[in-house]
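Asker: structure for the following, please:
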Amino acid sequence: MKILFINKYDITGGAAIAARRISEALISQFGTENLFLVGIRKSRDPQVRVSRKKGWQNNLERGLNRLTSWLGLQYYYFPLSTPRIRMEVKQFRPDIICLHNIHGGYFDTRLVRELSEIAPVIWTLHDMWAFTANAAHTFGEESWKKMQAGPDEHRSFPQTGLNRGKALIRRKKNIYARSRLILVCPSRWLQDMACQSPVLEGKRIEYIPNGVDLVRFCPADRALAKKKLGIDPARTVLTFSAEKLLSSPYKGGLDLLEILRDLDNQCGNQQLHALMIGKDRLPLDLKQMTHTNTGYLDQEARMIQCYQATDIFLYPTRADTLPFSLIEASACGVPGISYDVGGCREIIRDKISGHLIPPSDRQSFVQCTLNLAGDAALRESFSRSARETAVTRFDIRRTAQAYHDLSLEALMT
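Answerer: As a prediction, the model looks like this:
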């Protein structure tokens, strides 16, 4: 079976990581022949093709994308990427086309219908964009249920200038209605919303959770892992990880900053260490807590080492579908504390493997963190439950099996 994966990136971001892991597991378990087609290539993998070259081509289309987005014509015109995508599809001749994030300024939405005439399309949604006017997340605003854009939706990522939300959402519905298309949601939360969307009316919407390699992502000697990172083993390590610690509108970096300051003021005799993983450097001025900022880690082995050194994973996210960082931490036996948004409750079992906090309730977040940091026996119990959850729900082998079964079914219909 030949499978073409299409995503904005090849190795960075949650969607790219999900697609890459699915692809590798499909090759390992079923011997599929896979190719990646991306808007922006970060690796040197020969099995990755790019929709446009660096330099003037990239600059031209980025400029056109900014212009058309300002006019409210989101993802209407890509004069270089569109023919390149057509050419790569024609040359590869895939049996299945797996779409992931197609928003991002490289993919004309009308290509969904065109590609579905070449091969069955399985589209994995990583956020709400497929059924909103233009936003990846609406933060609880539900105008999309009425085929409308929220009052300020055009200001949400990925933004548009002129508010043409009603036309954009109708455009999506018309394209999907003429497409041979199966949608996959990695969380029940997203699947539930997708099933309520009039844009996706009549479409098959499946649930397949993201998975990780449970052999690699596993618990280890925590004290030894701390020593390898240069952290005092006597300290309780609180970890937060996001590609962009502060600049992402979703990941809760600003909330985290205030949470850490509150923890620093209230920790008393507790010895806490903050381990921050991501591109931005938080402007921390802590008096009692020690802290480390690793920068962005693109090597899986280093991420695993950080998880294995972690006592509690903090995740005050504002919006998320099924965050890999929570799954990976759970697989390494790390209790999590997160705001109760999106699919986070599908990873953290409240008061069993961690704590779910009402969104924006910073004081409860701080208090639960202090209580758990001060109770080693409870952390150990949560740790066992976190690993158990990962094993039963997020094994990449089951994820690959589900995608393979779905692909075979799509080929026969």
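Asker: need the contact list for the closest residue to residue 71 other than its chain neighbours.
Answerer: Computed as CB to CB, 6 or more residues apart in numbering, the closest residue to residue 71 that is not its neighbour in sequence is residue 162, at 5.8 Å. Where C-beta positions appear, they are placed from N, C-alpha and C, glycine not excepted. Contact criterion CB atoms under 8 Å, 6 or more residues apart in numbering gives 70, 71, 72, 154 as the residues in contact with residue 162.
Asker: can I see the domain layout of the chain?
Answerer: Domain assignment for the chain, taken from automatic domain parsing, gives 2-211+396-412, 222-393.
Asker: need those in CSV with mean pLDDT, can you?
Answerer: Shown next, in CSV, are the domains of the chain (pLDDT from 0 to 100):
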stretch, mean pLDDT
domain 2-211+396-412, 97
domain 222-393, 94
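Asker: buried sites along stretch 337-346?
Answerer: Residues 337, 338, 339, 341, 342, 343, 344, 346 are the ones in stretch 337-346 that count as buried (16 or more other CB atoms under 10 Å).
Asker: which residues are contacting it?
Answerer: Applying CB under 8 Å, 6+ apart, the contact partners of stretch 337-346 are 186-190, 209, 252, 312-323, 326, 347-348, 350, 354-361, 365, 368-369, 372, 393.
Asker: over to stretch 226-238?
Answerer: Under the contact criterion CB under 8 Å, 6+ apart, stretch 226-238 has outside partners 222-223, 260, 263, 270-275, 290, 292, 305-306, 309-314, 369, 373.
Asker: select only the buried ones of those residues in PyMOL?
Answerer: Paste this into PyMOL to select the buried members of the contacts of stretch 226-238, with burial taken from 16+ other CB under 10 Å:
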select buried, resi 222+260+263+272+273+274+275+292+305+306+309+310+311+312+313+314+369+373
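Asker: that older thread, now, of the contacts of stretch 337-346, which are buried?
Answerer: Among the contacts of stretch 337-346, those that count as buried by neighbour count (16+ other CB under 10 Å) are 186-187, 189-190, 209, 252, 312-323, 326, 347-348, 354-357, 359, 365, 368-369, 372.
Asker: next step: those restricted to strands.
Answerer: With strands taken from DSSP state E, the overlap with the buried ones among the contacts of stretch 337-346 comprises 312, 313, 314, 315, 354, 355, 356, 357.
Asker: got a list of what the residue lying farthest from the centre of the chain touches?
Answerer: Using CA atoms, centre = their mean, the residue of the chain lying farthest from its centre is residue 269. It sits 36.5 Å away. Residue 269 sits next to no residue when contact means CB under 8 Å, 6+ apart.
Asker: could you pull out the helices for the stretch 251-400 of the chain?
Answerer: Assignment of helices within the stretch 251-400 of the chain using DSSP state H, counting those that start in this stretch yields the ranges 253-266, 300-308, 324-331, 362-373, 376-393, 396-412.
Asker: now the angle between helix 362-373 and the fifth one, please.
Answerer: Right, the one you point to is helix 376-393. For the pair helix 376-393 and helix 362-373, the angle between their directions (axes from the mean of the first three to the mean of the last three CA atoms, to 10 degrees) equals 100 degrees.
Asker: tell me what helix 376-393 is packed against?
Answerer: Judged by 3 or more CB pairs under 8 Å, 6 or more residues apart in numbering; DSSP states H and E, the packing partners of helix 376-393 are helix 324-331, helix 362-373.
Asker: ok now it, how far from the chain's centre?
Answerer: Centroid separation for helix 376-393 versus its chain: 22 Å, with CA atoms, centre = their mean, to the nearest Å.
Asker: need the contact partners of it.
Answerer: Defining contact as CB under 8 Å, 6+ apart, one finds that helix 376-393 is touched by 209, 212, 214, 217-219, 311-312, 327, 329-336, 346-349, 352-354, 371-373.
Asker: can you do 10 Å?
Answerer: Contacts made with helix 376-393 from outside it, assessed by CB atoms under 10 Å, 6 or more residues apart in numbering, are listed as 209-212, 214, 217-219, 222, 236, 311-313, 326-337, 346-349, 351-355, 371-373, 375, 398.
Asker: distance from the chain centre to stretch 242-253, please.
Answerer: Per CA atoms, centre = their mean, the displacement of stretch 242-253 from the mean C-alpha position of its chain is 12 Å.
Asker: could you check that stretch and say which residues are buried?
Answerer: By neighbour count with 16+ other CB under 10 Å, stretch 242-253 contains the buried residues 242, 243, 245, 246, 248, 250, 251, 252, 253.
Asker: with only the CA atoms kept, save that stretch in PDB.
Answerer: These are the backbone C-alpha positions of stretch 242-253, laid out as PDB (Å, rounded to 0.1, in the frame of the first residue of the first chain):
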ATOM      1  CA  ALA A 242       5.700  23.400  24.400                       C
ATOM      2  CA  GLU A 243       7.300  24.300  21.100                       C
ATOM      3  CA  LYS A 244       6.700  27.900  22.000                       C
ATOM      4  CA  LEU A 245       6.500  28.600  25.700                       C
ATOM      5  CA  LEU A 246       5.100  32.100  25.400                       C
ATOM      6  CA  SER A 247       4.300  33.000  21.900                       C
ATOM      7  CA  SER A 248       1.700  30.300  21.300                       C
ATOM      8  CA  PRO A 249      -1.800  31.600  21.900                       C
ATOM      9  CA  TYR A 250      -2.800  28.200  23.300                       C
ATOM     10  CA  LYS A 251      -0.200  26.600  25.500                       C
ATOM     11  CA  GLY A 252      -0.700  28.700  28.600                       C
ATOM     12  CA  GLY A 253       2.800  30.100  28.900                       C
END
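Asker: how far away is residue 223 from residue 235?
Answerer: From residue 223 across to residue 235, the span is 10 Å (CB to CB, to the nearest Å).
Asker: separation between residue 403 and residue 162?
Answerer: Relative to residue 162, residue 403 is positioned 38 Å away (criterion: CB to CB).
Asker: quick one: the strands in the chain, in order.
Answerer: Counting by DSSP E, the chain forms strands over residues 2-9, 33-40, 48-50, 96-99, 121-124, 181-185, 204-207, 236-241, 272-277, 290-295, 312-315, 336-339, 354-357, given from the N-terminal end onward.
Asker: what sits against residue 327?
Answerer: So, once contact is read as CB under 10 Å, 6+ apart, residue 327 ends up touching 186, 209-212, 217, 336, 343, 346-347, 386, 389-390, 393-394.
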